[in-house]
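>>> Need coordinates for the following:
(2 chains)
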Amino acid sequence: MMTEEDPNYAMFNSRILVDMVGDVTDEAMKASKMKQIIGALAGRFFNWGQRKSLFPLHLGIKCCALEMAAAGASRFDAERFGVFFRSSPRQCDVLLVNGPISKKFADPIVRLWEQMPEPKWCIAMGECAISGGPYFQSYNILEGVDTIIPVDVYIPGCPPRPEALIDGFDKLRQKIIRIGTLPSASRATAEAPIIVGDD
Amino acid sequence: MKIVGMRINGAIQREAAESVCSALMSDFGDEELVAEAARHSGGRLERHYVSIDCPPALWRLLAETLSSEHGADHCSMITGIHWPEKSPDMQWQVIIHLMRTTVRNPPSKEKITQPIAVDATIVQGDDMPLEFEIRIAIPETREPAVASVADIWVGADWNEKETWDLVGIDFEGHEGMRRVLLPHETPAGYHPLQKQHKLRYHDYEEMYDDPQGFQRKPVDKGRVK
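Have a look, this model is predicted:
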């Protein structure tokens, strides 16, 4: 820890050094407009990279998880779209909620959501994640995952076909083109959520 | 002898079920226990099981008898039902399913259990796999309770916890009774599968009369449905 009392004798650890260098570089780049230039040039490239390689979390809750597995298997093959399931939330950018969220599971799923780094998006798959589904207003199931997590795309169905899930990822890609990479906290007011099958 | 696809002789299974029933009736017949051999309806194979109606005070003794003498080694299900319309005779009911798998001391080679292949068409008597269904009727009471059998069969442990959690039937002697499906902090009096708890659902009239209120979420603020 850097001792504030004696600025002449400072004990650095690498974390403080990295933070300081990062801040200094950031200020310099903003001052010289380099940040804007890099943003303009590379922003579209980064956006392309993010939307073409959506890594969902390998989380299966209930029956919709089998349709998610079918979408990843050979007939429907999600991997040709860049969709590759990862087991750790730290490495994911999409949380695909596929099943009813019980009151016991509300805490862990919010923890998973918060462990995912920005930019991140959430897809609610199946009726149980949209509104509670067949367990609507029953004693242990939340009425939709959007009561606790901001959802970007809803995929109706019980369960939705694998083609619908792939279309949901496609709608998410179109949304990423439109909104860029807004932090998810401000996204709830930014735009109405997309429902697959709405057109 | 083909390993896969052998079928048990239905008539011999019926005989095994009936012999278990007669043994139970001779032991407990004078204490209001009724045991009969019944056949599962439906399906094209004959499957017979032992169907027992047991008074709540006799359950522990019956469970020990079934486990030790009749070889019931797998408790597959314990569940409970709340019958408010059948009080005072049977306001609560506990249903237990046991199985006799007849797998005893399988041989093991270098700590790996070896499979046993048995010709299923010729098993009889005590070697015949059998199912037991026990129904316990608890008369009208505010605190239904029945003896716990979690120390006899491991499969009874979580089933009893679930029955208490959802229906409210207590199991005396069960160590560590807690909530398993509902969140752990749910207060003790709330047992949602009792019949006085209704599903709150919107009638379809509400949906048409008040679309602005039906299933509204925070994201719908300012939106006209």
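>>> what residues does chain A put near chain B?
Residues of chain A lying near chain B by CB under 8 Å from any CB of the partner chain: A:102-104, A:131, A:136-140, A:143-144, A:146-147, A:188, A:192-193. Every C-beta, even on glycine, is put in place using the N, C-alpha and C of the backbone.
>>> Where does the closest residue to chain B within chain A sit: helix, strand or coil?
Minimum separation of chain A from chain B (CB to the nearest CB) falls at A:Tyr139, amounting to 3.8 Å. Assigned with DSSP: H, G, I helix; E, B strand; the rest coil, A:Tyr139 falls in the coil class.
>>> ok, how many other residues are close to the residue lying closest to A:Pro117 once chain neighbours are set aside?
Nearest in space to A:Pro117, with sequence neighbours left out and distances taken as CB to CB, 6 or more residues apart in numbering or on different chains, is A:Arg90 at 6.6 Å. A:Arg90 is flanked by 10 other residues according to other CB atoms under 10 Å in any protein chain shown.
>>> how near is the residue of chain A closest to chain B to A:Asp170?
Applying CB to CB, to the nearest Å, the value for A:Tyr139 to A:Asp170 is 37 Å.
>>> Quote the end-to-end distance of stretch A:71-91.
20 Å (CA to CA, to the nearest Å).
>>> Other residues contacting that stretch?
A:52-58, A:70, A:92, A:95, A:112-113, A:115-117, A:162-163, A:165-166, A:169-170 (CB atoms under 8 Å, 6 or more residues apart in numbering or on different chains).
>>> quick one: the residue of chain A closest to chain B from B:Tyr190, how far?
Look at A:Tyr139 and B:Tyr190: by CB to CB, they are 8 Å apart.
>>> same check, this time on A:Pro134
22 Å.
>>> show me where chain A has strands.
A:94-97, A:121-125, A:153-155, A:194-195 (DSSP state E).
>>> Can you name the residues that contact A:Asn98?
A:Leu59, A:Gly60, A:Ile61, A:Lys62, A:Cys64, A:Ala65, A:Glu67, A:Met68, A:Met125, A:Gly126, A:Ala129, A:Pro159.
>>> Compute the number of surrounding residues for the third one.
So that's A:Ile61. 21.
>>> same thing with the first one?
The burial count assigned to A:Leu59 is 19, neighbours taken as other CB under 10 Å.
>>> Quick check, it in contact with A:Leu95.
Yes: judged on CB atoms under 8 Å, A:Leu59 makes contact with A:Leu95 at a distance of 7.4 Å.
>>> anything in contact with each of these two?
Both A:Leu59 and A:Leu95 are contacted by A:Leu112, under the criterion CB under 8 Å, 6+ apart.
>>> what does stretch B:73-90 rub up against?
So stretch B:73-90 is contacted by B:67, B:91-101, B:103, B:137-140, B:144, B:149, B:152-156, B:159-160, B:162-163, B:166-169, B:193-196 (CB under 8 Å, 6+ apart).
>>> Could you give the average pLDDT over it?
Averaged across stretch B:73-90, pLDDT comes to 91.
>>> Relative to the whole chain's centre, how far out is that stretch?
A distance of 9 Å separates the centroid of the chain from that of stretch B:73-90, by CA atoms, centre = their mean, to the nearest Å.
>>> Phi first, then psi, for residue 93.
Chain wasn't specified; assuming chain A. phi -120, psi -10 (degrees, to the nearest 10).
>>> ah, no, chain B please
Per degrees, to the nearest 10, the backbone of B:Gln93 is at phi -140, psi 140.
>>> Enumerate the beta-bridge partners assigned to it.
B:Ile81, B:Ala137 (DSSP bridges).
>>> residues touching the residue of chain B at minimum distance from chain A, list them.
Chain B approaches chain A most closely through B:Pro192 (3.8 Å), counting by CB to the nearest CB. Shown in contact with B:Pro192 (CB under 8 Å, 6+ apart): A:Tyr139, A:Asn140, B:Leu166, B:Leu182.
>>> Of these, which is the most crowded?
That'd be B:Leu166 among the contacts of B:Pro192, by other CB under 10 Å, with 22 neighbours.
>>> Which secondary structure element is home to the nearest residue to that residue once chain neighbours are set aside?
Nearest non-adjacent residue to B:Leu166, counting by CB to CB, 6+ apart: B:Leu193, 4.3 Å away. Take DSSP states H and E as the rule and B:Leu193 turns out to sit in neither a helix nor a strand.
>>> which residues sit in contact with B:Leu193?
B:His82, B:Leu166, B:Val167.
>>> The second one contacts B:Val180, correct?
No: B:Leu166 is beyond contact range of B:Val180, at 9.1 Å (criterion: CB under 8 Å).
>>> domains of chain A?
With automatic domain parsing as the criterion, the domains of chain A are listed as A:17-50, A:54-195.
>>> Strands of chain B, start to end?
Using DSSP E, strands in chain B cover B:34-39, B:48-54, B:74-82, B:92-100, B:108-109, B:112-113, B:130-138, B:145-147, B:170-172.
>>> Need those strands in JSON lines (columns: mean neighbour count).
JSON lines is the format used below for the strands of chain B (neighbours: other CB atoms under 10 Å in any protein chain shown):
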{"stretch": "strand B:34-39", "mean neighbour count": "17"}
{"stretch": "strand B:48-54", "mean neighbour count": "21"}
{"stretch": "strand B:74-82", "mean neighbour count": "20"}
{"stretch": "strand B:92-100", "mean neighbour count": "22"}
{"stretch": "strand B:108-109", "mean neighbour count": "8"}
{"stretch": "strand B:112-113", "mean neighbour count": "8"}
{"stretch": "strand B:130-138", "mean neighbour count": "20"}
{"stretch": "strand B:145-147", "mean neighbour count": "19"}
{"stretch": "strand B:170-172", "mean neighbour count": "16"}
